[in-house]
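>>> What would the 3D arrangement of this be:
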Amino acid sequence: MQDRFDPFFYRPVFKKLLEVIANNKTAKIMLKEAITNSYAGEWGEDPIDFEPNPDYELCYVVRNTNFHNDFNLDFSDVAQRYIKKSKAEKIALKKGDILIEKSGGSPIQPVGRVALVDDLPFDKPVVFSNFLQKMEVNKELFLPEYIFVYLQALYKTGYMDFIQNQTTGIKNLRLDDFFKILIIKPSIAEQKKVAMKAIESREEARGLLEKAKTILASIDSFVLGELGIEIEREREELAFAITSDEIEGRIDPFFYKPYLRNLVAQIKSKKHFKLSEAITEISGGATPKVTEDYYLDEGGIPFLRVQNITEMGINLDDVKFIKPEVHETMLKRSQLKRDDLVFTITGRIGSVAVVPDNFEGNINQHSVRFHLRDKIKDMEVLPEYVASFFNTNVGRDLSFRYTTGGTRPALDYEALRSLVVPLPELKTQEKIVAGVKTIYNKARNLRQEAETVIAEAQKQTAEMIFA
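Next up, the predicted model:
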């Protein structure tokens, strides 16, 4: 790996990392000698506009977004694409395969993350995108779990920083350098010890995350219970009919789902308001061209995207930054103010966050910001209460009910203004806000506990490998 001319490659910290591995007395071989095959991925064809034919099959496609930095793979949002059968057979994933993120990354996250295929809970073939690479471990030499833990440990040290390059904003892993990584080769018995430690910690962490999911699932029943709304969402009708005089200018079936019509009817039977009655000002965001000099790697104004708007508030993980002068000129109208509601209108539609005190930020075109009147119908309305209502599952469904756009649904301003919100007494609003906050805090604590379990296990396995 001495054919490099970039100074970053020769930094002392990387040299020291290489020396730690080289000086280990255990036998070592290059990664390329520890695998039997390696394949590039395929993104395939979009089911929306692709005409199926016998040469293609519908597959699940794992992407970079399915990589979880601590808990391996997250299958909660896996894309489906048509892949040519001859290619799908070659790149179909099986247990024990290791995926490498060869393109992607971010300003604060190097490319080169790895994931182990330890479960495939799907009814169709599972492949992987062209931003990923698959490798099959030689199981006569190594346990796949050991290789995964080993490469993950190197990633945590910052090793991949030194074997990547960047073009047009995308980081690319230098695969030649990656496959030259020296792998410390202990006995299979020692590899099993490392593997079992990693497996046990992931299982413990997953248990904690499941508890967090269960707690979060109670939010709907709590909020709707306080509002006196009874909805049996899990018993939705798969088939239903409406009469012509019930049509409200829309012909999409989702709009007329009985449980949604029931929800709206119950809200309207109580004291309520339309957002149009409550909004004093509203503005959408915009995204400056990435090719222009509008952005900063850090230290600028947070520029919020859909992933930064969550039910738990504004999340600044993986946030982009714009220059202060862009915030004050080009994007002045979408500057966030205290107690603004930030509402996502495309992508993950209906996520709402309240802008906290002393926060300076801006939004892209996939969200809007709006401010509420202090009082509506002579009653005070808490922004946090409105956010709590829309962040329930039924609240999101209510938002999605009014979307337009077919294959690329969006909630336009007119539809947003027509959304109805229950208007309980201030005491009930405060109880809902406090209760939801308590539930989120419990879930957050469990997630942090899971992260601690994983972090401690990663530290211990790294010590076991590199001692």
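>>> Going by residue numbers, what spans are helices in the stretch 201-350 of the chain?
Remark: helices assigned in the stretch 201-350 of the chain by DSSP state H, counting those that start in this stretch are 219-227, 258-268, 275-278, 324-328.
>>> Contacts made by the third one with the rest, please.
Meaning helix 275-278. By C-beta atoms under 8 Å, 6 or more residues apart in numbering, the list of residues contacting helix 275-278 from outside reads 370, 372-373, 376-377, 381, 386, 416-421. Every C-beta, even on glycine, is put in place using the N, C-alpha and C of the backbone.
>>> cutoff 10 Å now
282, 341, 343, 370-373, 375-377, 381, 383, 386, 390, 413-421, 423 (C-beta atoms under 10 Å, 6 or more residues apart in numbering).
>>> of these, buried ones?
Among the contacts of helix 275-278, those classed as buried by neighbour count (16 or more other C-beta atoms under 10 Å) are 282, 341, 343, 370-372, 376, 381, 383, 386, 390, 413, 415-417, 419-421, 423.
>>> Can you tell me which of those end up in strands?
Of those, the ones assigned to strands by DSSP state E are 282, 341, 343, 370-372, 376, 420-421.
>>> To K289, which of the helices of the stretch 201-350 of the chain lies closest?
Taking C-beta to C-beta, helix 324-328 is the member of the helices of the stretch 201-350 of the chain nearest to K289, at 11.1 Å.
>>> Hmm, Y155 and Q164 touching each other?
No: the criterion here is C-beta atoms under 10 Å, and Q164 misses it with Y155 at 11.1 Å.
>>> Give me the residue ranges of the stretch 151-300 of the chain where confidence is low.
For the stretch 151-300 of the chain, the stretches with pLDDT under 70 are 166-169, 233-237, 290-291.
>>> what secondary structure does T438 sit in?
helix (DSSP: H, G, I helix; E, B strand; the rest coil).
>>> Relative to N138, how far out is it?
Distance of T438 to N138, given as C-beta to C-beta, to the nearest Å: 51 Å.
>>> Same question for E380.
To N138, E380 is 67 Å away according to C-beta to C-beta.
>>> cool, and H371?
As for H371, its distance to N138 is 61 Å (criterion: C-beta to C-beta).
>>> go on, L18?
Here the criterion is C-beta to C-beta. By it, L18 lies 23 Å from N138.
>>> again with N69
Taking C-beta to C-beta, one finds N69 at 27 Å from N138.
>>> mind showing which ranges of the stretch 301-450 of the chain have poor pLDDT?
406-407.
>>> mind listing the helices for the stretch 1-150 of the chain?
So, for the stretch 1-150 of the chain - with DSSP H, counting those that start in this stretch - the helices run 12-22, 85-91, 144-157.
>>> mind listing what's buried in the second one?
Burial within helix 85-91, assessed by neighbour count using 16+ other C-beta under 10 Å, is assigned to 87-88, 91.
>>> Not including adjacent chain positions, what is the nearest residue to E45?
Nearest residue to E45 in three dimensions, chain neighbours excluded: Y82, at 4.2 Å (C-beta to C-beta, 6 or more residues apart in numbering).
>>> and D176, that one's in a strand?
No: D176 is assigned helix when assessed by three-state DSSP, not a strand.
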